[in-house]
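Undergrad: Sequence first, predicted coordinates after that:
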Amino acid sequence: MASLQTTAILSSSFSSLTKVNASIHVPIPKPPRLVPSRKLQIDEFSGCGSMDTGLLEKNPITRKIYDDLYSPSKRSNKAIIHLYAILDAVADRIEMHTNIGQQRNNWNNLLLNSINMITLTATAMAGVAAATSGDTSPLLALKLSSTLLFSAATGMSLIMNKIQPSQLAEEQRNATRLFKQLHTQIQTIIALENPTDEDVKGWMEKVLAVDRAYPLPLLGAMLEKFPAKYEPSVWWPSSQYQYHRRSKTHAQERNGWSEDLEMEMREVIQVIKEKDLEDYERLGNIALKINKSLAIAGPLLTGIAAVGSSFVGNGSLAALVPLMAGSLASAVNAFEHGGQVGMVFEMYRNCGGFFTQLEHTIEATLGETDSEKRENGEIFEKKVAMKLGRSVSELRQLASKSAACRMEGIAVDEFASKLF
């Protein structure tokens, strides 16, 4: 009886479930209607299959992107392929210069701390040796140890002053910034313009010019750290700013250019030459002289201390020489490399190069006789203003002030740049 009741209950339950399920109608989706259209071959990029582009046919924006991407002109333009290859090389250089710049900054910190610790330890040993009386074995050991440590500090200081790790790190930072600029500019050219083989050649020259301006190797290709005089950095090819003298026939107001704008740009060039470039040349020469003096003084003092420590114990004056020379050497090294005087000199060189490049850019633009071949005048004016840290109105005021001071025969009392 129990089994019969259970069977009856289960059968009634299943029958009720069947009724409930029968009352719920789930619509079965119809298969999407395939629109006969072109298909975007994703496998060309990711190795996957194809994807229907019916949505592309309905959306005019995506259809335009699709047409531009697969147009015969894009596929047959080898210049774009070459620019992408240059873009990959530039990205690799950015990574290299970033890593090497961090490494050389670590060199500066580690070598500075090591040399100062060695110098101070040798100075302390020389002082203990001077306090030890008699020609005993401890006195000889202290004298020998102090001499060896001072000699090691002299050699390490010579190497460090020769390569200038702080200046090397600044060079790599500047190279990284310049390669990032090139990377962005190449991307803009690919996106907005139709590049040619001449564009590819020009961008290759720009990349190689930065390579020559900021080389990676230390032996053979390293920049001279103590040149005879200050000279701005040059990281652009010489052929980039070749221009022809403009013939003054009539006022041109095409492509955003006018006679007033040309006069404004010429006044800006004069201010850059008379104020900014001269000031950075003066500061660069001062930093170069200080760096040379400190680079000579540090090893010289540790060398004197090494020689003087060998005569410790022969009198009170002989003990003073290594103590004073070692202390001064530590102070000199700390000021030179802790203050990163070489980095300051390289920073002045880079700033001078920035103003020199800006001057050449303006002169080359004004030297183009056909205004239609120039960059748009209004855009060019905004670019110059932004590079100098000014608004367009402030740039025009600077040009007016420069022209007024020139007429009165006095020098303008304002720098062109507000950034540096």
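TA: Here it is on my side, so go on.

Undergrad: residues contacting the closest residue to L142 other than its chain neighbours?
TA: Nearest residue to L142 in three dimensions, chain neighbours excluded: A129, at 3.7 Å (Cβ to Cβ, 6 or more residues apart in numbering). Placement of C-beta: from N, CA and C, glycine included. Counting by Cβ atoms under 8 Å, 6 or more residues apart in numbering, A129 touches 139, 142-143, 146, 309, 312-313, 319.

Undergrad: In helices, which of the residues you listed fall?
TA: Of the contacts of A129, the ones assigned to helices by DSSP state H are 139, 142-143, 146, 309, 319.

Undergrad: Need these in a markdown table (columns: neighbour count and pLDDT).
TA: A markdown table is the format used below for the ones in helices among the contacts of A129 (neighbours: other Cβ atoms under 10 Å; pLDDT from 0 to 100):
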| residue | neighbour count | pLDDT |
| --- | --- | --- |
| L139 | 18 | 81 |
| L142 | 24 | 87 |
| K143 | 21 | 88 |
| S146 | 28 | 92 |
| S309 | 31 | 88 |
| A319 | 20 | 76 |
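
Undergrad: which regions of the stretch 101-250 of the chain sit below the pLDDT cut-off?
TA: Applying pLDDT under 70 to the stretch 101-250 of the chain picks out residues 133-135, 240-250.

Undergrad: redo that, cut-off 50
TA: Along the stretch 101-250 of the chain, the model assigns pLDDT under 50 to residues 243-250.

Undergrad: Likewise for the stretch 301-420 of the chain?
TA: For the stretch 301-420 of the chain, no range has pLDDT under 50.

Undergrad: now the helices for it?
TA: 316-333, 341-367, 377-387, 392-408 (DSSP state H, counting those that start in this stretch).

Undergrad: Ok, which of those helices comes nearest D88?
TA: helix 341-367 (25.4 Å; Cβ to Cβ).

Undergrad: tell me how far that closest one is from the chain's mean position?
TA: The chain centre lies 14 Å from the centre of helix 341-367; the measure is Cα atoms, centre = their mean, to the nearest Å.

Undergrad: Pull out the buried residues from that helix.
TA: 341-362, 365-366 (16 or more other Cβ atoms under 10 Å).

Undergrad: center of this protein - which residue?
TA: R177 (2.0 Å; Cα atoms, centre = their mean).

Undergrad: so Q357 makes contact with W236?
TA: Yes - the pair Q357 / W236 is scored as a contact, 5.9 Å apart, by Cβ atoms under 8 Å.

Undergrad: what's the next secondary structure element after the helix or strand where S166 lies?
TA: Using DSSP states H and E, S166 sits in helix 165-192. Scanning forward in sequence from helix 165-192 by DSSP H and E, the next helix or strand is helix 197-213.

Undergrad: That next one relative to helix 165-192, how many degrees between them?
TA: 170 degrees (axes from the mean of the first three to the mean of the last three Cα atoms, to 10 degrees).

Undergrad: Please identify the buried residues of the helix or strand harbouring G284?
TA: In this structure, G284 is located in helix 278-309 according to DSSP H and E. By 16+ other Cβ under 10 Å, the buried positions in helix 278-309 come out as 279-281, 283-284, 287-288, 290-292, 294-295, 297-306, 308-309.

Undergrad: same thing with stretch 220-233?
TA: Those buried within stretch 220-233 under the rule 16+ other Cβ under 10 Å are 225, 230, 232-233.

Undergrad: Send me that stretch as CSV with only the CA atoms.
TA: Extracted as CSV, the C-alpha positions of stretch 220-233 are listed here (Å, rounded to 0.1, in the frame of the first residue of the first chain):
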residue,chain,number,x,y,z
GLY,A,220,85.1,55.6,-28.4
ALA,A,221,81.7,57.2,-29.0
MET,A,222,81.2,58.9,-25.6
LEU,A,223,80.7,62.7,-25.7
GLU,A,224,83.6,64.8,-24.6
LYS,A,225,82.8,65.7,-20.9
PHE,A,226,85.3,68.6,-20.8
PRO,A,227,85.2,70.4,-24.1
ALA,A,228,87.3,73.6,-24.7
LYS,A,229,84.2,75.7,-24.6
TYR,A,230,80.4,75.4,-24.2
GLU,A,231,78.5,74.4,-27.3
PRO,A,232,74.8,73.7,-27.5
SER,A,233,73.6,70.1,-28.2
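
Undergrad: let's number from 657 now, not from 1
TA: Sounds good: first residue 657 from here, last item stretch 876-889.

Undergrad: Please tell me how far that stretch is from the chain's geometric centre.
TA: With Cα atoms, centre = their mean, you get 19 Å for stretch 876-889.

Undergrad: Same question for stretch 881-900.
TA: 17 Å.

Undergrad: Quick check: the gap between M999 and L814.
TA: 19 Å (Cβ to Cβ, to the nearest Å).
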